[in-house]
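Peer 1: Build me a model from this:
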Amino acid sequence: MAIDFFPPSEVYVGRDMGGRTTEVSAADVARYEAGTGDRHPWYHRNSPFGGPIAPALLYHSEVYRDLGWYLPNLIGNLHAKQEWEVFAPMAIGQAVRTRSTVVGRYRKRNRDYVVNEVLLTDLDGRWLQRSRTHQSFLVDDPSDAVVVDKERERRPERRFEISAQGDELPPVTRAVTVAMCEAFSGPVKNYHTDREMARALGFPDIVVQGMLSICFVAELMTHGFGTGWFCGGQLAVNLVNVLWPDEVVSTRGRVRDTVPEGRRARVHADVWCEKADGTKTVIGTASALRDQN
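Peer 2: Numbering: from 1, shown residues only. I've put the predicted structure just below:
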């Protein structure tokens, strides 16, 4: 039953942003590989699931297909936080459905945050994965000022320390190029692919899309845990500094705890992405399942 409690333009908790039905295709996987550099053999030949599967975060930017959930002030907007739960793998050729809903709004300091949840299912309604994207918007319009410059990450409050305890996972290191940004965030020009558009939104250079770093975390967990990532993977991370083109970023993880979960164990890890000078761009946690020893 429709009611007129909210005006049509209002971004409110519970607003349905719609969805689509699509087929998991080899072409989508190829684009993902070009944008991330993640070329796992399971994406092209038999996997433990009986055939090729897609990267767990193939639909990393489904939440951005319709930006009707964005607040009006786009200058300086940033991807602030990301949560993801993976319940089952997606086979190449499989049909899937997506649905996007605004599930939260909050304010911290001088920014308003909107949380959009994307649910991805098979055609029978079985949950394949669920994600929540926290996007932040400046409360006050800064006009034409540079909102986030390249010196911001050098401030003391932008430095983050990670515990040195725990076994380290094999890292994933990438030199992020403009060509990768275009493959990952294109083909339409936006502030993740075009310098002039980035400057118009208060940034000095192209802003590497935050979801790219999230995909690096997923690659780290894929190589570290395999089937246990595709059948129970979870992550919750904060995007704390901007990644710019032509920077080298290493995605790292350290196991900090293992707890029983049914017949298996859940391995919890601290995860982060850092530049060559140690600047952290992403910090948080991720977990996956594995057989108990």
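Peer 1: C-alpha only now, for contacts and for neighbours.
Peer 2: Fine.
Peer 1: how far away is the closest residue to residue 15 other than its chain neighbours from residue 132?
Peer 2: The shortest distance from residue 15 to any non-neighbouring residue, by C-alpha to C-alpha, 6 or more residues apart in numbering, is to residue 102 (5.3 Å). In this view, residue 102 and residue 132 are 9 Å apart by C-alpha to C-alpha, to the nearest Å.
Peer 1: With neighbour numbers in mind, choose between those two.
Peer 2: residue 132 (23 against 20; other C-alpha atoms under 10 Å).
Peer 1: Verify the stated contact: that one with residue 85.
Peer 2: No - assessed by C-alpha atoms under 8 Å, residue 132 is found out of contact with residue 85, at 9.1 Å.
Peer 1: quick one: the helices in the stretch 51-200 of the chain?
Peer 2: Using DSSP state H, counting those that start in this stretch, the helices found in the stretch 51-200 of the chain span residues 178-185, 195-200.
Peer 1: what comes up buried for the shortest one?
Peer 2: Across helix 195-200, burial judged by 16 or more other C-alpha atoms under 10 Å covers 195, 197-200.
Peer 1: Kindly report the same for the first one.
Peer 2: Residues 178, 180-185 are the ones in helix 178-185 that count as buried (16+ other C-alpha under 10 Å).
Peer 1: residues bridging contact with residue 102 and residue 132, i.e. touching both?
Peer 2: Counting by C-alpha atoms under 8 Å, 6 or more residues apart in numbering, the shared contacts of residue 102 and residue 132 are 115-117.
Peer 1: export the buried residues of helix 195-200 to CSV and tack on pLDDT and distance to residue 107?
Peer 2: Output for those, formatted as CSV (pLDDT from 0 to 100; distance: C-alpha to C-alpha, whole Å):
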residue, pLDDT, distance to residue 107
195, 96, 29
197, 95, 26
198, 95, 24
199, 94, 25
200, 93, 24
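Peer 1: Looking at the residues you listed, which one is closest to residue 265?
Peer 2: residue 198 (43.9 Å; C-alpha to C-alpha).
Peer 1: Low-confidence stretches in the stretch 101-250 of the chain?
Peer 2: In the prediction, the stretch 101-250 of the chain carries residues with pLDDT under 70 at positions 143-144.
Peer 1: Contacts for stretch 61-71, please.
Peer 2: 11, 17, 98, 100, 102, 114, 116-118, 133, 137, 211.
Peer 1: Between which two of these is the distance greatest?
Peer 2: 98 and 137 (25.0 Å).
Peer 1: quick one, which of the two is more surrounded?
Peer 2: residue 137 (23 against 20).
Peer 1: excluding its backbone neighbours, what's nearest that one?
Peer 2: In space, residue 137 is closest to residue 77, 4.6 Å off (C-alpha to C-alpha, 6+ apart).
Peer 1: I am finished for the moment; much appreciated.
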